[in-house]
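Participant: Based on what follows, work out the 3D shape:
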Amino acid sequence: MPRCTLRFEKALYREGAERIAGIDEAGRGPLAGPVVAAAVILPRKFSLPGLNDSKQLSPQIREEFYLHLTTSAKIEFGVGIASVEEIDRLNILRASYLAMERAISSLNSAPGHLLIDGLRVPIFSLPQTAIVGGDMRSLSIAAASVIAKVTRDRMMKTWHEEFPVYQFCDNKGYGTPEHLASLRTHGPCPLHRRSFEPVAQTYFPFA
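Facilitator: Coordinates of the predicted model:
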């Protein structure tokens, strides 16, 4: 497994870049709930042992890292959300871009360079570097992955109180066997993505 470091950020600083923001999203794959993106600008001298792709961390560690990342005066972050309605209207890829755009816009001021997990985002005019597996290689992207994941998971846990039959507190909207069984029995609720095939196959109005 590659080491998660500041090597990409440091290389860009040496080239004269300023305000380097790591960007990642959570929630492309689920059948329900929004897609959430985060943008994070870390200080040049940053250390948080164990920080990695949020999917590699336990829920408890994610929460601890989230608290550190969102309360440190030296770390700047922004969060962007694209709703279920926007996902269904735009498609999940374009909705993910929209969430990322909103995350960047919520920073105190525009970053000078973007580090993006995966592939380049064509709608961004800012300079960008796309890093495959970036959430396991760049600490800025890893930090964004943790903030996006914890933010979305907390939202899904809250919605569990309103729609308990789907067990969003456990599955976070992903298509687990239990979630699919509930979907077939009860039909979709307003949080389900009607444009996603398993939901469309079981569609009838939520009552």
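Participant: since we're on Met100, how many residues are nearby?
Facilitator: 28 (other Cβ atoms under 10 Å). (C-beta placed from N, C-alpha, C; glycine too.)
Participant: Ok, Thr70 next?
Facilitator: Neighbours of Thr70 under the rule other Cβ under 10 Å: 17.
Participant: What of Gly29?
Facilitator: Close neighbours of Gly29, defined as other Cβ under 10 Å, add up to 11.
Participant: what's the following helix or strand after whichever strand or helix holds Glu86?
Facilitator: Assigned by DSSP states H and E, Glu86 falls within helix 84-90. Toward the C-terminus, helix 84-90 is succeeded by helix 92-105 as the next helix or strand (DSSP H and E).
Participant: just the helices in this protein please.
Facilitator: Listed in chain order, the helices of the chain (DSSP state H) span 7-14, 59-71, 84-90, 92-105, 139-162, 168-171, 177-186, 197-201.
Participant: Please identify the most buried of those helices.
Facilitator: Comparing those on average neighbours per residue, with mean count of other Cβ atoms under 10 Å, the densest one is helix 139-162 at a mean of 23.
Participant: Tell me the helices and strands packed up against that one.
Facilitator: Counting contacts by 3 or more Cβ pairs under 8 Å, 6 or more residues apart in numbering; DSSP states H and E, helix 139-162 packs against helix 7-14, strand 20-26, strand 35-41, helix 59-71, strand 76-82, strand 113-117, helix 168-171.
Participant: CSV for those, including mean pLDDT and distance to Ile131?
Facilitator: Formatted as CSV, the helices and strands packed on helix 139-162 follow (pLDDT from 0 to 100; distance: least, Cβ to Cβ, whole Å):
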stretch, mean pLDDT, distance to Ile131
helix 7-14, 97, 6
strand 20-26, 98, 9
strand 35-41, 98, 14
helix 59-71, 97, 19
strand 76-82, 98, 19
strand 113-117, 97, 6
helix 168-171, 97, 29
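Participant: Alright, that wraps it up for me.
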